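Asks: coords below, sequence missing:
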């Protein structure tokens, strides 16, 4: 292909047809390429502009380009934190994510500030500083680690108590400022996570209606019945993470230990007896079911639950009105959803009414007491 070294005319017109630049009889004999520029007005006509090149006795060559208002690209920042932190943790891990509105990752730098909302933290007395300040690069996503050394090593200057003992139920606030490298735009985001003293919550629900047992009959440690919009708890063990979410584990890490107290007529004294130990898997629902079979001669039942260093204990006494004989235990094995059952007494008769979810009465069972 031969280079054209002759003369040509070049014109640039705006969308209204105004000639904004006109170059006449220009040429380039070395490379066949002509370079030039157009200084745009601060408020040019927006739309499609046209460049026309004309060579004598030949057809025009036309190219179009668009002039539009420049809008700085927008981007969003998201800070991902764990659902909770424990005051005795050594550090906390998190992630900063920054993406443009059209989905591309933001490349730039992050300045991150971590501090507690506990007003008596010692660093707040020294010029109003923050607990931790970090700077790192980001390419759409960047992971970070906040060390808890200041929480572990410092104390409240007013009470001289370690911060580890003071921060439970307070919050750790994370502020991230992301500056993109292309346009030097900075955007900010903030997130919080709550401090807890221990990573799990373990307790018995000591609902009074289940605070008794009948010697010789199985004691069920979790029963729930609902009627309408009400839920009636009958006693259970609750095991969750500190934030209330279920503990995820497939190992039998929950230990249930049962002791009983009974009267020994031969010794004329009360004695305690270790009954048994159960190893249970943490429940996915957060409510643990269990059962205990107390012997017939016991007066009180003592159940202890343990999980990863946490424990709780419940003490259940045999009620005075329980007789040594003549009591029954009912277990429902129905595929229908039983939402409520009610026991009533009339003279020597006992009635058990069972209701289905939706408050439809299923059946009534009558028991008569005989001598």
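Replies: Perfect, thanks for sending it. What you are looking at is a predicted structure, and each value in this text was computed from that prediction instead of being measured.
Asks: Please, where are all the helices along the stretch 1-150 of the chain?
Replies: With helices called from DSSP state H, counting those that start in this stretch, the stretch 1-150 of the chain shows them at 149-153.
Asks: Any stretches of it with poor pLDDT?
Replies: Applying pLDDT under 70 to the stretch 1-150 of the chain flags residues 1, 29, 126-128.
Asks: 90 - rerun?
Replies: Across the stretch 1-150 of the chain, the ranges flagged by pLDDT under 90 are 1-8, 25-43, 54-61, 68-74, 87-88, 101-103, 117-131, 149-150.
Asks: Residue 146 against residue 176, yeah?
Replies: No - with contact defined as CB atoms under 8 Å, residue 146 does not count as touching residue 176 (11.5 Å). Glycine gets a C-beta too; all of them are placed from N, C-alpha and C.
Asks: For those two, work out which one has more neighbours and name it.
Replies: Neighbours per residue (other CB atoms under 10 Å) separate residue 146 from residue 176, with residue 176 holding more: 25 against 22.
Asks: For the more buried one, give me the pLDDT.
Replies: Looking at residue 176, its pLDDT reads 97.
Asks: try the one 10 residues further on
Replies: At residue 186, the predicted lDDT confidence score is 94.
Asks: Tell me what it is bridged to.
Replies: Judged by DSSP bridges, the bridge partners of residue 186 are residue 179.
Asks: Wait, residue 66 touches residue 45, no?
Replies: No - look at residue 66 against residue 45 with CB under 8 Å: they stay out of range, at 11.5 Å.
Asks: and those two? which has more neighbours close in?
Replies: Set residue 66 next to residue 45 and count neighbours by other CB under 10 Å: residue 45 wins out with 14 against 9.
Asks: Next, the closest residue in space to that one that isn't next to it in sequence: phi, psi?
Replies: Once flanking residues are discounted, residue 45 sits nearest to residue 14: 4.4 Å by CB to CB, 6 or more residues apart in numbering. The phi/psi pair for residue 14 (degrees, to the nearest 10) reads phi -90, psi 180.
Asks: Which residues are in contact with residue 14?
Replies: 20, 44, 45, 47, 49, 67 (CB atoms under 8 Å, 6 or more residues apart in numbering).
Asks: Over to residue 31?
Replies: Counting by CB under 8 Å, 6+ apart, residue 31 has contacts residue 3.
Asks: try it again with 6 Å
Replies: Shown in contact with residue 31 (CB atoms under 6 Å, 6 or more residues apart in numbering): no residues.
Asks: Roughly how far does it sit from residue 3?
Replies: The spacing between residue 31 and residue 3, counted by CB to CB, to the nearest Å, is 7 Å.
Asks: Which other helices and strands does the strand or helix carrying residue 190 contact?
Replies: Using DSSP states H and E, the element containing residue 190 is strand 186-196. Here strand 186-196 touches strand 75-80, strand 85-86, strand 171-180, going by 3 or more CB pairs under 6 Å, 6 or more residues apart in numbering; DSSP states H and E.
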